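In: Structure for this input, please:
(one chain, ligands or ions: 1)
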Amino acid sequence: MLFKLTDEQLMIQAMVREFSHKVVAPGARERDRTKEFPGDILKQMGELGLLGMMIPDKYGGEGADTISYVLALSEIAYGCAATAVVMSVHNSIVCESILRFGSEEQKQRFLPRMASGEIIGSFGLTEPDAGSDPVRQVTAAVRDGGHYILNGTKRFTTTGKNSGLTIVTAKTDESLRHKGISAFIVEKGTPGFIVGHEEDKMGLRASDTTDLIFENCRVPAANLLGNEGDGFKIAMTALDGGRIGIAAQSVGVARAAFDAAVKYAKKREQFGQKISKFQGLRWIIADMATEIEAATQLMLSAAAMKDRGEKFTAQASMAKLFASEMVNRVTARAIQMHGGYGFTKDYDVERFYRDARVFTIYEGTSEIQRIVISNHILKDKRKP
Ligand code: CAA
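Out: I've put the predicted structure just below:
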């Protein structure tokens, strides 16, 4: 491994690996079947510090670096991808946005409760007609004295139902394109804030994905995140970090599928020998391992750049693009290696395959990542 992890990073990885193995993984197959939200597990994750990993100690968090965070997230994804996406949106997008753009009063009000897991965060950017192009959103916020009045519908919100707080973007000035979008912290229970339709998804079934409806929802002006017009920048900055998180989820699920496939290949016999003896399968195993290693390095490299305070937008998109496409190949091959058994619910690889499918879609499709990466390359090349 190119990266030499510190003793602290290795310790966090080992601690979360054990927790994931003992607590997170055992019920994952059943939760996939019942769609039960992993509330108890998240409570324990809050106690272990996994829900405020990058929040500084003074706001009740762990003050860990991004490398430790992605190692931990990857271990949770190894055990249960549905639990990992809740952890990812909460830490990478919601906590980080409040930490980076919130006022001191907002940080003190929300971060300790988020770090402990008392409230889980969600993020409302996407709308029914504005997915890849969030500037086209139509949710509106109109100032009314000490409040903003929000109207509109957000779609595909991870943890929409089970979150206690959401960061929602809305237009405060229609004429200003992306500069007319603002971000608000809205707490559950605010009158006019309604959880709408819950999706019945192919994978990540224990994590709820819902519409969030705002009907004349009065949000205190004190809950404006950053300044009016900062909403798009806040969302894009949050997604930079979030995309490293999707790479970490991808690496975790890929490793789980790979380990299951190797275990099966070493046990299953056909034509009088273990199927792992066949060169056809050995080459597949080598390719899977190489791709997982490459994705891991991209994930760690983007995380290290973020920790060093460097601009990491393109590297986050590269890590997300490669890792999410990689896990789709790896989980498909893991099923192939299991033969007919891989197509049944008796083996976890079919769940890994379904869970991984959305990784090339959410937090920016592969096509959007390619736009971000090529924009950076071409803009750089124009520099004198
Ligand atoms: N960091 C900070 N600012 C950024 C930025 C970044 N990474 N990327 C862009 N910006 C700023 C630009 O600097 C620019 O600001 P100025 O005008 O002040 O210079 C502004 O944003 C507009 O930039 P662009 O002209 O490049 O924006 P665009 O409209 O062309 O869109 C895009 C760019 C990359 C395509 C963007 O729209 C995008 O990422 N789309 C995908 C959205 C997405 O990922 N959605 C997923 C939602 S979350 C989810 O999946 C569910 C969940 O629950 C988490």
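
In: For Ile185, what is the enclosing helix or strand?
Out: Assessed by DSSP states H and E, Ile185 sits inside strand 181-187.

In: which of the residues in the helix or strand just after that strand are buried?
Out: Downstream of strand 181-187, the first helix or strand assigned by DSSP H and E is strand 193-198. Using 16 or more other C-beta atoms under 10 Å as the test for burial, strand 193-198 gives 193, 195. To be clear about C-beta, it is placed using only N, CA and C from the backbone, and glycine gets the same treatment.

In: near the ligand at all, strand 193-198?
Out: No - using C-beta under 6 Å from any ligand atom, strand 193-198 never reaches the ligand; the gap is at least 13.2 Å.

In: Please name every helix or strand in contact with that strand.
Out: strand 209-220 (3 or more C-beta pairs under 8 Å, 6 or more residues apart in numbering; DSSP states H and E).

In: Could you pick out the residues of the protein near the ligand for me?
Out: 89, 93, 123, 125-126, 132-135, 156-158, 178, 232-233, 236-237, 239-240, 313, 362-364, 368, 371-372.

In: let's see 8 Å
Out: 89, 93, 122-126, 131-135, 156-160, 177-179, 209, 232-233, 235-237, 239-240, 242-243, 313, 361-365, 368, 371-372, 375 (C-beta under 8 Å from any ligand atom).

In: Buried ones among the residues you listed?
Out: Among the residues of the chain next to the ligand, those classed as buried by 16+ other C-beta under 10 Å are 89, 93, 122-126, 131, 134, 156-160, 179, 209, 232-233, 235, 237, 239-240, 242-243, 313, 361-365, 368, 372.

In: I'd like to know which helix or strand in this protein has the lowest mean pLDDT.
Out: Within the chain, no helix or strand scores below helix 366-382, which has a mean of 88 by mean pLDDT, DSSP states H and E.

In: Confirm Phe37 sits in a strand?
Out: No - counting by DSSP: H, G, I helix; E, B strand; the rest coil, Phe37 is not part of a strand but coil.

In: Excluding sequence neighbours, find me the nearest residue to it.
Out: Asn162 (5.1 Å; C-beta to C-beta, 6 or more residues apart in numbering).

In: Look up phi and psi at that neighbour.
Out: Per-residue torsions, Asn162: phi -100, psi 0 (degrees, to the nearest 10).

In: How much space separates it from Gln137?
Out: Relative to Gln137, Asn162 is positioned 23 Å away (C-beta to C-beta, to the nearest Å).

In: can you check Glu96 too?
Out: 21 Å.

In: if we can go back for a sec, roughly how far out does the strand holding Ile185 sit from the chain middle?
Out: Offset of strand 181-187 from its chain centre (C-alpha atoms, centre = their mean, to the nearest Å): 20 Å.

In: now swap in stretch 316-329 and tell me
Out: 13 Å.

In: List of residues touching that stretch?
Out: Residues outside stretch 316-329 that contact it (C-beta atoms under 8 Å, 6 or more residues apart in numbering): 240-241, 243-244, 246-248, 250-251, 253-254, 257, 288, 291-292, 294-295, 298-299, 301-302, 306, 356-357, 359-360, 363-364, 366, 369-370, 372-373.

In: try stretch 57-72
Out: 3, 5, 8-9, 12-13, 16, 49-50, 52-56, 91-92, 95, 99, 107-108, 111-112, 115-116, 241, 244-245, 247-248, 299-300, 303-304, 306-307.

In: secondary structure element for the residue lying closest to Thr66 once chain neighbours are set aside?
Out: Spatial nearest neighbour of Thr66, excluding adjacent residues (C-beta to C-beta, 6+ apart): Ala303 at 4.1 Å. Taking DSSP H and E as the criterion, Ala303 maps to helix 279-307.

In: What angle do helix 279-307 and the helix or strand following that helix make with each other?
Out: The helix or strand immediately downstream of helix 279-307 is helix 313-338, counting by DSSP H and E. In terms of direction (axes from the mean of the first three to the mean of the last three C-alpha atoms, to 10 degrees), helix 313-338 departs from helix 279-307 by 160 degrees.

In: List the buried residues for helix 313-338?
Out: 313-328, 330-335, 337-338.

In: In this structure, which residue is most central in space?
Out: Nearest to the geometric centre of the chain sits Ser88, at 3.8 Å (C-alpha atoms, centre = their mean).

In: got a list of what that residue touches?
Out: Applying C-beta under 8 Å, 6+ apart, the residues contacting Ser88 are 73, 242, 245-246, 248-249.

In: Wait, a helix at it?
Out: Yes - with three-state DSSP as the criterion, Ser88 is part of a helix.

In: follow-up on the earlier one: buried among the contacts of Ser88? Need that as a selection in ChimeraX.
Out: Of the contacts of Ser88, the buried ones go into a single ChimeraX selection, burial set by 16+ other C-beta under 10 Å:
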select :73,242,245,246,248,249
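
In: Next, format the contacts of Ser88 as CSV and append secondary structure and pLDDT.
Out: CSV is the format used below for the contacts of Ser88 (DSSP: H, G, I helix; E, B strand; the rest coil; pLDDT from 0 to 100):
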residue, secondary structure, pLDDT
Leu73, helix, 98
Gly242, helix, 98
Gly245, helix, 98
Ile246, helix, 98
Ala248, helix, 98
Gln249, helix, 98
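
In: From the contacts of Ser88, pick the one nearest the ligand.
Out: Gly242 (6.3 Å; C-beta to the nearest ligand atom).

In: Against the ligand, how distant is the spatially closest residue to Val24 that is not a sequence neighbour?
Out: Nearest residue to Val24 in three dimensions, chain neighbours excluded: Gly79, at 3.5 Å (C-beta to C-beta, 6+ apart). Remark: distance between Gly79 and the ligand (C-beta to the nearest ligand atom, to the nearest Å) = 20 Å.
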